[in-house]
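Colleague: predicted model, plus sequence, below.
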Amino acid sequence: PSVMYVGTEPGEVYKSTDAGATWNSVSQNTQVDGGVTAVAVDPNDPNIVLAGAGWSLKRSSDGGNTWNTVINATNLYPNEIQFNPAQSNIVLAATDAGLYRSTDGGINFTQLNSEKSWDIKFKPGNPNTAYNVRRNSSLVRPEFFISTDAGLTWTLRDNGWYTSSDPARNAEGARIAVSPADSNRIYAYLIGEAKANDVGFIG
């Protein structure tokens, strides 16, 4: 728990080994494609870290000393990376280019779909269950999906979910939160417009 990583808007990854008291850049010897928008650390090995920026997702297995590009895709823009807390060989990455899944700790990834994927979370206490919010381009709305096989397959859950048929609607992003205090309670924050003049806020 003393090892921490942070990504910065100017495109660097910093590392702390003293619980955040001091920080050192560990990305100056690698090409970072813009601001770092997602960082994740293997819960079983603090030397394994994934960092996403721009068109690429990079992986380090030596605490940030060296990095390898594991996904390189046009307009990738990673939004969230999650290691499965019980099986850290399983990794999910929500990106603007779609949802990706790895079964070897982030060395190789398979693209599951190509819709903008904004957030991903595993259910506390049940690592086989995961939640994902992604964009439905044809309906122009965010949609909520659930997986019960650690992210391999996904089912739409839209009973009572947000919807709009307003011609001015827009879908620009979403975030998910779920607490171990009550793992059946899920919060989703939706960014966009349900109608004109919503100023980027759905709710």
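Modeller: Thanks, I have it.
Colleague: return the per-residue confidence for the residue nearest to the spatial centre of the chain.
Modeller: Centroid-nearest residue in the chain: residue 80, 1.4 Å away (criterion: Cα atoms, centre = their mean). Note on residue 80: pLDDT of 98.
Colleague: helix, strand or coil for it?
Modeller: Under DSSP: H, G, I helix; E, B strand; the rest coil, the three-state class of residue 80 is strand.
Colleague: can you tell me how far it is from residue 181?
Modeller: 21 Å (Cβ to Cβ, to the nearest Å). C-beta: built from backbone N, CA, C; applies to glycine.
Colleague: please apply the same query to residue 96.
Modeller: 31 Å.
Colleague: more crowded one of those two?
Modeller: residue 96 (20 against 7; other Cβ atoms under 10 Å).
Colleague: give me the number of neighbouring residues for the closest residue to the more buried one other than its chain neighbours.
Modeller: What sits nearest to residue 96 in space, not counting adjacent residues and going by Cβ to Cβ, 6 or more residues apart in numbering, is residue 77, at 3.9 Å. Residue 77 has 20 neighbouring residues, counting by other Cβ under 10 Å.
Colleague: wait, what's in contact with residue 77?
Modeller: Residue 77 sits next to 37, 52, 54, 55, 95, 96, 97 when contact means Cβ atoms under 8 Å, 6 or more residues apart in numbering.
Colleague: now residue 123
Modeller: Contacts of residue 123 by Cβ under 8 Å, 6+ apart are 129, 130, 131, 178, 183.
Colleague: neighbour-wise, which of those leads?
Modeller: Most surrounded of the contacts of residue 123: other Cβ under 10 Å gives residue 130, at 25 neighbours.
Colleague: let me know the helix or strand that that residue is in.
Modeller: strand 126-136 (DSSP states H and E).
Colleague: helix, strand or coil for the closest residue to residue 196 other than its chain neighbours?
Modeller: Closest residue to residue 196 apart from its sequence neighbours, by Cβ to Cβ, 6+ apart: residue 168 at 4.0 Å. What three-state DSSP gives for residue 168 is coil.
Colleague: for residue 168, what are its contacts?
Modeller: Residue 168 touches 193, 195, 196, counting by Cβ under 8 Å, 6+ apart.
Colleague: quick check: PyMOL command selecting the buried ones in the residues you listed.
Modeller: To isolate in PyMOL the members of the contacts of residue 168 that are buried, counting by 16 or more other Cβ atoms under 10 Å, one can use:
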select buried, resi 193
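Colleague: now the contacts of residue 168 as CSV including distance to residue 1, secondary structure and pLDDT?
Modeller: CSV is the format used below for the contacts of residue 168 (distance: Cβ to Cβ, whole Å; DSSP: H, G, I helix; E, B strand; the rest coil; pLDDT from 0 to 100):
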residue, distance to residue 1, secondary structure, pLDDT
193, 41, strand, 95
195, 45, coil, 94
196, 47, coil, 93
